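Undergrad: could you work out the structure for the sequence below:
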Amino acid sequence: MFREIARFGDSFFRSVYPERMVELTPLFEFSRTHCVAICAFLVPANLIATVQTLLFVGFDRPPAHIRLMTTIASFYALVMVLHVGTWFMIGVVMIPTFVLLWLGATCLAANGWAIAHSKSLANLLKRLAILINQTVVPLRLMSDR
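TA: Predicted structure coming up:
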């Protein structure tokens, strides 16, 4: 089904804008050929950049720093979602594609939240820190006995 849609879209755009058609097939093939290397870079980069965004929001860094970090983290997440899209285009529907799509979408959502409503995100992070502190400290005291 995806191939028919892709063929229809390709033929439609070639007929409407034949001189402006950019051939993306080599880029898609590159993405699928080097999938392991791309994912080996994007997954940690995505997680590290998004966690850094959350830390910037939690530690109340200046808005310019938060915007810069969310831009970088959102770029990694968007590239991952597009990379997964190349697999969906050829009909590969497997658990890793859904996991990577979920990871990219979650990171995009967290970064969007950091840009749109950083105060509410900071409030949530502070509440989580208090909850973790109340849970972990009694466990440490119990192990000292």
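Undergrad: what about A116, how many neighbours?
TA: Burial of A116, expressed as a neighbour count using other Cβ atoms under 10 Å, amounts to 10. Placement of C-beta: from N, CA and C, glycine included.
Undergrad: check what pLDDT it gets.
TA: For A116, the model assigns a pLDDT of 95.
Undergrad: could you do R140 as well?
TA: Looking at R140, the pLDDT reads 63.
Undergrad: i'd like the first residue to be 55 from this point on
TA: Done: numbering now begins at 55, and the last item shifts to R194.
Undergrad: shaky segments in the chain?
TA: 55-75, 191, 193-199 (pLDDT under 70).
Undergrad: tell me where it has helices.
TA: Assigned by DSSP state H, the helices in the chain fall at 56-70, 79-87, 89-112, 117-143, 149-170, 172-198.
Undergrad: report the buried residues of the shortest one.
TA: It refers to helix 79-87. For helix 79-87, the neighbour count (16 or more other Cβ atoms under 10 Å) marks 82, 85 as buried.
Undergrad: show residues contacting that helix.
TA: Contacts of helix 79-87 with the rest of the structure, by Cβ atoms under 8 Å, 6 or more residues apart in numbering, involve 92, 136-137, 140-141, 143-144.
Undergrad: what comes up buried for stretch 113-132?
TA: 115, 120, 123-124, 126-128, 130-131.
Undergrad: now do stretch 97-107
TA: For stretch 97-107, burial by neighbour count (16+ other Cβ under 10 Å) applies to 97, 99-100, 103-104, 106-107.
Undergrad: quick one on the thing from earlier: pull out the buried residues from the contacts of helix 79-87.
TA: By neighbour count, with 16+ other Cβ under 10 Å, the contacts of helix 79-87 hold 92, 137, 140-141 as buried.
Undergrad: show me which pair in those residues is furthest apart.
TA: Greatest spatial distance in the buried ones among the contacts of helix 79-87: I92 and W141, 11.1 Å, computed using Cβ to Cβ.
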